[in-house]
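J.: What follows is a predicted structure for the sequence shown.
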Amino acid sequence: MAVARSPCTVIFTIVPAHGSDALKALARPGEVSRAASGGWITSAFGANSFAAAALSFAFNAVLQARTIAAGVGGGGAATTCEHYDYASPVDFELTAEQREIQELTREFAVREIEPHAGEWDREHRFPRDLFSQLAELGLMGTCIPEEYGGAGADSVSYVLVLEELSRADAGVGVTVAVHTSAVTLPLLAFGTDEQRSRFVPPLARGEHLGAFALTEPEAGSDAGALRTRADADDDGWRITGAKQWITNARYAGTVLLFARTDQETPGARGVSAFVLDGDQVRVTRDEEKLGLNSSVTNDIVVEGAHVGRDRLLGDEGQGLRIALATLDGGRIGIAAQAIGIAQAAYDVASAYAKERHAFGRPIGKFQAIQNKLADMATEIEAARLLVYRAAWLKDNDRPHAEAGAMAKLLASATARRQTGEAIQILGGYGYTKEFPVERYYRDAKITEIYEGTSEIQRLVIARSILGLQTDPTHTARRASAPR
């Protein structure tokens, strides 16, 4: 017998006279070739004499039946092809392209971001010119197809970019995350061909920053309670309302805004999504925040702005569906941001543990410090794998709402806990601005709040594992067909 997997699992039946020996001798997964005698040789998943044992009982029964049917002796093998849903071989290595993008981002972050991050934080300064530099490297549109002005990389590459940017400065990381995940990608997924060609390239090339305007003072986790109105007129809508906590709004050239088009229908069904220009909204406040001080967070108002029917994204009344599908993907990016923050804190703490001496030796030689560093490294790596898995699922067009929620839940909690542990390892120094860990601690907390609180992530996960709701990322894929 022989089992191959390219692109489907293929079952070949050979006669027992040479099949058993071939199986034991050549148990290499994923390979099929012909023996000199004309029979098939290879094996199933496993190695050497253990290969057959790796097959399920039912699979063995199928193979045995086919072997008997083929007859005894040196006759030719009977060949069939069946589709079995075996998992792909597990490979935790990044591709050469992914490593190249990761290294490019890391080198840029070390050179252009890390030396200034503390100053930007203290001065609450938004580094506008930095994003032009990121755009020149293709990092403002990492996962956007080349035909729309992006770099054409995959979602795993994109989360690697966010992790490395956030490792240097989480404010820079969230600016790119909102711009890409919450604005450019939904335009690509839900826009018409004309909207994609019109709005996506300037965003992917970094000519415009994007802002995502969903949250209102009375509509946070309960997004269906939003009150911003879009009243129909002859050739479109007039939008009036206020939004709160909108990242990038002050510098945005494109705003994806959600408003109620059906005033008689409460909840999610009356909400639609619109694409506004930056000059159609007015910033009323720059938020003073605990952290992420190199990013901008604004309150905005829209005062009777007129938008044509070509500015409606998706179908009328489907705005909340678009928003929720967008957040499901965006959470993966915020999880990557959290990993970057946690990694930065771990880097400082581990280096400090080697350099700081107490009682005649480095504090890293004390078991209490070792335990902290071991827990930090373990939690960060576990959360990182969840993030990469969620991005991989998205790349492979598989449901990823549950995986993204799990990744964000664990990564954000890890960032909060381990930045606190980094402060503890540094002691008094950790509490001062002489070291950056206090900034990491302040930056980490928001990852448990925005793009869905940790409480909401638990609801998403629970409803998914109990079968209480359909994965909205299915809807996003169906809606992505050109219109």
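T.: The structure has been received and is ready for your questions.
J.: give me the beta-bridge partners of Ile239?
T.: Assessed by DSSP bridges, Ile239 has beta-bridge partners Ala230, Ala305.
J.: dump the residue contacts of it.
T.: 228-231, 257, 259, 274, 276, 280, 302, 304-307 (CB atoms under 8 Å, 6 or more residues apart in numbering). Every C-beta, even on glycine, is put in place using the N, C-alpha and C of the backbone.
J.: let's see 7 Å
T.: For Ile239, the contact set (CB atoms under 7 Å, 6 or more residues apart in numbering) comprises 228-230, 259, 274, 302, 305, 307.
J.: Contacts for stretch 300-313, please.
T.: So stretch 300-313 is contacted by 187, 190-191, 194-195, 213, 228, 235-243, 246, 249, 256-257, 272-276, 280-284, 322 (CB under 7 Å, 6+ apart).
J.: could you flag which of the residues you listed are buried?
T.: 187, 190-191, 195, 213, 228, 236-243, 246, 249, 256-257, 272-276, 280-281, 283, 322 (16 or more other CB atoms under 10 Å).
J.: Flag the shaky bits of this protein, pLDDT-wise.
T.: Low-confidence regions of the chain, defined by pLDDT under 70, span residues 1-89, 470-483.
J.: do that again at 90, thanks
T.: 1-92, 218-225, 234, 263-269, 468-483 (pLDDT under 90).
J.: ok, back up a step: show me the contacts of stretch 300-313 that map onto strands.
T.: 213, 236-243, 246, 256-257, 272-276, 282-284 (DSSP state E).
J.: so the spatially most central residue of the chain, which of the three states?
T.: What sits nearest the mean C-alpha location of the chain, by CA atoms, centre = their mean, is Ile332, with 2.7 Å. Under the three-state scheme (DSSP: H, G, I helix; E, B strand; the rest coil), Ile332 adopts helix.
J.: so what's it up against?
T.: Taking CB under 7 Å, 6+ apart, one finds 159, 387, 390-391, 394, 404, 407 in contact with Ile332.
J.: How about residues contacting stretch 275-293?
T.: Contacts with stretch 275-293, where a contact means CB under 7 Å, 6+ apart, come from 120-121, 124, 170-171, 174, 195, 199, 245, 249-250, 252-257, 296-303, 305, 307, 311, 313, 439, 442-443, 445-446.
J.: Narrow those residues to those in strands?
T.: 245, 252-257, 297-303, 305, 307, 313.
J.: Any of those buried? List them.
T.: Counted by 16+ other CB under 10 Å, the ones in strands among the contacts of stretch 275-293 give 245, 252-257, 297-300, 302, 305, 307, 313 as buried.
J.: Report the two of those separated the most.
T.: Thr297 and Val307 (24.1 Å; CB to CB).
J.: Is Ala411 in contact with Ala335, as I believe?
T.: Yes - using CB atoms under 7 Å, Ala411 is in contact with Ala335, at 4.0 Å.
J.: Overlap in contacts, the two.
T.: Counting by CB under 7 Å, 6+ apart, the residues touching both Ala411 and Ala335 are Val387.
J.: All the helices of the stretch 151-300 of the chain, residue numbers only.
T.: Using DSSP state H, counting those that start in this stretch, the helices of the stretch 151-300 of the chain run over 155-168, 170-177, 185-190, 193-204.
J.: Take those helices and write them to JSON lines, including distance to Glu147.
T.: As requested, these are exported to JSON lines (distance: least, CB to CB, whole Å):
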{"stretch": "helix 155-168", "distance to Glu147": "17"}
{"stretch": "helix 170-177", "distance to Glu147": "21"}
{"stretch": "helix 185-190", "distance to Glu147": "11"}
{"stretch": "helix 193-204", "distance to Glu147": "9"}
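J.: Just the element for Leu373, please.
T.: Assigned by DSSP states H and E, Leu373 belongs to helix 367-395.
J.: Okay, buried residues for that helix please.
T.: Quick answer for helix 367-395 (16+ other CB under 10 Å): 369, 372-373, 376, 379-380, 383-384, 386-395.
J.: packing partners for that helix?
T.: On a contact count with 3 or more CB pairs under 7 Å, 6 or more residues apart in numbering; DSSP states H and E, helix 367-395 meets helix 155-168, helix 319-355, helix 401-426.
J.: got the angle between it and helix 401-426?
T.: 160 degrees (axes from the mean of the first three to the mean of the last three CA atoms, to 10 degrees).
J.: Distance from helix 367-395 to the middle of the chain?
T.: A distance of 15 Å separates the C-alpha centroid of helix 367-395 from that of its chain, computed with CA atoms, centre = their mean, to the nearest Å.
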